[in-house]
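Student: quick one, what's the 3D model for this:
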Amino acid sequence: MNKHRLSNDVVPERYEIKLDVDLDNFRYIGKENISIKVRGSTSEIQLNSAELVIDDCWIENDKGQKEEADIIYEDKIECVTFKFSNQITKGKWQLIVNFNGEIRNDLRGFYRSKFLDGNGVEQWLGTTQFEPTAARFAIPCWDEPDFKSIFSISIISDENYVRIGNEKVLDEKKLDDGRIETKFVDSIIMSSYLVAFVIGPLEVTEIGTVGETLVRIVHRPGFSNDTKYAGRATLKILEFLESYYEIITQEANWI
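Tutor: Below is the predicted model:
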């Protein structure tokens, strides 16, 4: 495991991430608008990034200042460094990063997985495994547990695919090319390894409710009958946990 540690002179506060996913070709295009706090003047910002292509990057603030970055890949330490001609002063900034990557063929980052549907036909989906330090293979980020932040994620894909994230859907719209863009509500403040999303030809079966929480199971098409046991168990477990801890579950996107 790479033991390099990032400086805490620059820290993220909120990620606005949009991923345009081409599942058929196992590729995606990403754009990040990261709200950062610069704790002291610096001419460079380093964050984790592994096997991603950075198209361009710049930094700007609400005073109208803008600085383009030179991009330096540091593969051995799984980082990218953005160097600026002028000093970036202490304060709040927006770091904008355009990038692209492959939906990987291993179990790291944003990777591909195949299954057989109810008719025995092979299908593909894109899913994530960010633990312990694999978020950097999917998005440029501060991929260390200490760097906690809010994550706001939008995913664009073919309309035939289900898009799932950590949180419930905030907004969904059809684009001019017929694809669907799904935007999820902001996450809690959390580490990068907790971010998760899935895109693919899946089905959703509603199981029931516990209080105001709707319980649903996402599964392979044609296998809704196989969700009954897991569904009943989930209802009972959730009821028990709410009663035991006296904490009402906040509705998430999927339970």
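
Student: state the distance from Ala138 to Lys114.
Tutor: Separation of Ala138 from Lys114 (C-beta to C-beta, to the nearest Å): 19 Å. Placement of C-beta: from N, CA and C, glycine included.

Student: these two: who's more crowded?
Tutor: Neighbour count, other C-beta atoms under 10 Å: between Ala138 and Lys114, Ala138 has more, with 31 against 9.

Student: residues contacting the more buried one?
Tutor: By C-beta atoms under 8 Å, 6 or more residues apart in numbering, Ala138 lies in contact with 52, 101, 109-110, 128, 130.

Student: please redo it, this time with the cut-off set to 10 Å
Tutor: Shown in contact with Ala138 (C-beta atoms under 10 Å, 6 or more residues apart in numbering): 17, 19, 28, 30, 49-52, 99, 101, 103-104, 108-111, 126, 128-130, 192, 195, 197.

Student: show me where the protein has helices.
Tutor: Ranges of helices in the chain, per DSSP state H, are 228-245.

Student: and it, what are its domains?
Tutor: 10-201, 204-245 (automatic domain parsing).

Student: rank those domains by mean pLDDT and give me the bottom one.
Tutor: Least confident of those, judged by mean pLDDT, is domain 204-245 with a mean of 92.

Student: then stretch 90-109 to CSV, C-alphas only?
Tutor: Output in CSV follows, covering the C-alpha atoms of stretch 90-109 (Å, rounded to 0.1, in the frame of the first residue of the first chain):
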residue,chain,number,x,y,z
LYS,A,90,-5.2,31.7,2.1
GLY,A,91,-9.0,31.4,2.0
LYS,A,92,-11.8,29.7,0.2
TRP,A,93,-11.4,28.6,-3.4
GLN,A,94,-13.0,26.3,-6.0
LEU,A,95,-10.8,23.7,-7.6
ILE,A,96,-12.2,22.6,-11.0
VAL,A,97,-10.9,19.3,-12.4
ASN,A,98,-12.0,17.7,-15.7
PHE,A,99,-10.9,14.1,-16.2
ASN,A,100,-11.7,10.8,-17.8
GLY,A,101,-11.1,7.2,-16.9
GLU,A,102,-11.8,3.6,-17.6
ILE,A,103,-14.4,1.5,-15.9
ARG,A,104,-11.8,-0.9,-14.6
ASN,A,105,-11.4,-4.6,-15.0
ASP,A,106,-10.3,-5.2,-11.4
LEU,A,107,-11.9,-4.7,-8.0
ARG,A,108,-10.7,-1.1,-7.4
GLY,A,109,-12.3,2.2,-7.9
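
Student: strands of the stretch 151-255 of the chain, start to end?
Tutor: 162-165, 169-174, 180-184, 197-200, 203-210, 213-219 (DSSP state E, counting those that start in this stretch).

Student: pairing partners for the first one, with directions?
Tutor: Think strand 162-165. Strand pairing for strand 162-165, using DSSP bridges, gives strand 197-200 (antiparallel).

Student: residues in contact with the partner strand?
Tutor: So strand 197-200 is in contact with 17, 19, 21, 23, 28, 103, 110, 112-115, 123-128, 130, 138, 151, 153, 155-158, 160-166, 182, 184, 218, 220-221, 253-254, going by C-beta under 10 Å, 6+ apart.

Student: again, 6 Å this time
Tutor: 21, 125-128, 157, 161, 163-165 (C-beta atoms under 6 Å, 6 or more residues apart in numbering).
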